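> Predicted model and sequence follow; I will ask about them next.
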Amino acid sequence: MIKLRIIDADGNEYETQTDIGGNLMTVATDNLIPGIDAECGGACSCATCHVYINDPKQLQLLGEKSDIEQMLLDCLETKGENSRLACQVNLTDKQDGLVVHIAPQT
Amino acid sequence: MAHSPIVAIGASHASVQLAASLRQAGYCGDLVIVGAEPHLPYNRPPLSKTLLTQQVSFDKTLLRQQSFYDQHNIQLKLGARVKSISRKSNQVTLDSDETIAYSKLVIATGADPIMLNLPGEQLEGIGYLRNYDDTQTLIPSIEEGKSAVVVGGGYIGLETAAALRKAGMIVTVVEGMERVLQRVTSPEISAFYTNAHVTRGVNIVTNAQAVEFVGQHRVEAVKCSNGESYPADVVVIGVGVRPNTGLAADAGLNVTNGINIDEFGRTDDPDIFAIGDCTNFPCHFTNTRMRLESVPNAVEQAKSAAAYICGEELPYRALPWFWSDQYDIKLQIAGINTGFDDIVILGNREDEQFSAWYFAGDRLLAVDAINSTKDFIKAKQLLSEGQSICKQALKQDNHKSHG
């Protein structure tokens, strides 16, 4: 089990524990956290699971983005250097303590 | 009735979103989802892709884990079919004769494949693709170097053809109409997909309707209306679906190619809603009524119905969008191109990276984006916000960048 802290776009905080092996989108939808629409169900098609990982070290530990994820992120006005799509963030024990901010809806 | 649960019939994308949205909106009464399949609700699009070729485990396709339903007090009654709805007593009867009273009923029964019922269809190795068990029936017949025939050249048929080809099979697609995807897209996109499949070794035969399946115990060939016979160790049939409206019609609800609903998911009974593939709804973008076979449509309608049940008006006005994955070709469609009279192509078809912009006069209707996610997102934003784009400028842009 790893612990995650997720902060939605309105500033509400959610502390959650999850098994490793899943992805961040699922954790957010399982906990009914608003702002992760996950329209495509994790097919990396819709860019509706946009999150920020503000800690550079934690961001780096997530590994490289795929071209398609980068392309989707590039389309978002709210994109930053710290942006990821939650459906593409796989959770391992390295992500224990990860702090995630959900991007505002565009 | 105030203490009766909200009951959803059908356990797939629409119902799971409905349950999540109801809980998110603060509904704390009982919630029951009745599903005919014995499995936890799962992601259906991979059925014609990675599930068929076993590139993904079933567990990875679950929409939610069991813990989600436990945690949010969502009762799943799986492996159970509703056989009737009694509107007089606000209750449903299951095939076990068990009855469940409802405060609100949500019909999310989806759609079932159109059956061909051709001679020889009972032979081993022939199947449809609508649920997980269908893939399990087909998988033992999928073998490298053997022959497969896909009946139907729609998106499901072509996705299946791509999956079987990737699994090393010799694949033929037989399509009854003049071109693949004829019902759903432009001749340009049909030609592109035909070419994409042919260059990857798939045999595409059009104007050919399957008329008979030949074999002793197992299927050996598919006979077609063009007089030809195509060898087959496995046959996958994907010739469209029909909405499951029987329960609604039997209950006297208004049904015309789908259960008629408004933009809040309401049927003509104030206690009954319907969402997803089984519905016929007013489309905000085309100003017509329609039925769609689409995950985003199911999910958005579920959100609208859940909101309405919780006393909030959130009309379903999301832009319809779709996707299809075949080989390394990712198609994303924004909007509905029905009634287009002009197409502007941006990018390069030979590179398999381009987008087709559909116009009626000067009005943008829809965009098919092939490996062009940027164009898809841009189009989705433009169409959602009701903004127009200058057709002439688009044409010139394309000329500049590719001229």
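Received it, and whenever you're ready, just let me know what you need.
> Next, please give the residue ranges for the helices of chain A.
Secondary structure of chain A (DSSP state H): helices located at A:24-30, A:56-61, A:67-74.
> Now tabulate those in CSV and tack on mean neighbour count.
For every residue, glycine as well, the C-beta is placed using N, CA and C. Formatted as CSV, the helices of chain A follow (neighbours: other C-beta atoms under 10 Å in any protein chain shown):
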stretch, mean neighbour count
helix A:24-30, 23
helix A:56-61, 12
helix A:67-74, 17
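> right, so of these, which gets closest to residue B:34?
Judged by C-beta to C-beta, the one of the helices of chain A that comes nearest to residue B:34 is helix A:24-30, at 21.8 Å.
> Could you tell me the per-residue confidence at residue B:96?
Note for residue B:96: predicted pLDDT of 97.
> Give the helix, strand or coil label for it.
Assigned with DSSP: H, G, I helix; E, B strand; the rest coil, residue B:96 falls in the coil class.
> To what extent is the residue nearest to it when sequence neighbours are not counted buried, counted in neighbours?
The shortest distance from residue B:96 to any non-neighbouring residue, by C-beta to C-beta, 6 or more residues apart in numbering or on different chains, is to residue B:80 (6.8 Å). Per other C-beta atoms under 10 Å in any protein chain shown, the neighbour tally for residue B:80 reads 19.
> repeat for residue B:145
Quick note: residue B:145 (other C-beta under 10 Å) scores 8 neighbours.
> and the helices of chain A as JSON lines, adding mean pLDDT and distance to chain B?
Below are those laid out as JSON lines (pLDDT from 0 to 100; distance: least, C-beta to the nearest C-beta, whole Å):
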{"stretch": "helix A:24-30", "mean pLDDT": "89", "distance to chain B": "5"}
{"stretch": "helix A:56-61", "mean pLDDT": "95", "distance to chain B": "22"}
{"stretch": "helix A:67-74", "mean pLDDT": "86", "distance to chain B": "5"}
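> quick one: contacts for residue A:17?
Neighbouring residues of residue A:17 by C-beta atoms under 8 Å, 6 or more residues apart in numbering or on different chains: A:1-4.
> Tell me what it is bridged to.
Counting by DSSP bridges, residue A:17 is bridged to residue A:3.
> With residue B:382 as the reference, measure out to it.
For residue A:17, the distance to residue B:382 (C-beta to C-beta, to the nearest Å) stands at 41 Å.
> Establish whether the helix or strand harbouring residue B:160 and chain A are in contact.
Assigned by DSSP states H and E, residue B:160 belongs to helix B:155-166. No. Figure legend: helix B:155-166 not in contact with chain A (C-beta under 8 Å from any C-beta of the partner chain); closest approach 12.4 Å.
> strand partners of the helix or strand following that helix, parallel vs antiparallel please.
Later in the chain than helix B:155-166, the nearest helix or strand by DSSP H and E is strand B:170-174. Sheet pairing for strand B:170-174, assigned by DSSP bridges, gives strand B:147-151 (parallel), strand B:203-205 (parallel).
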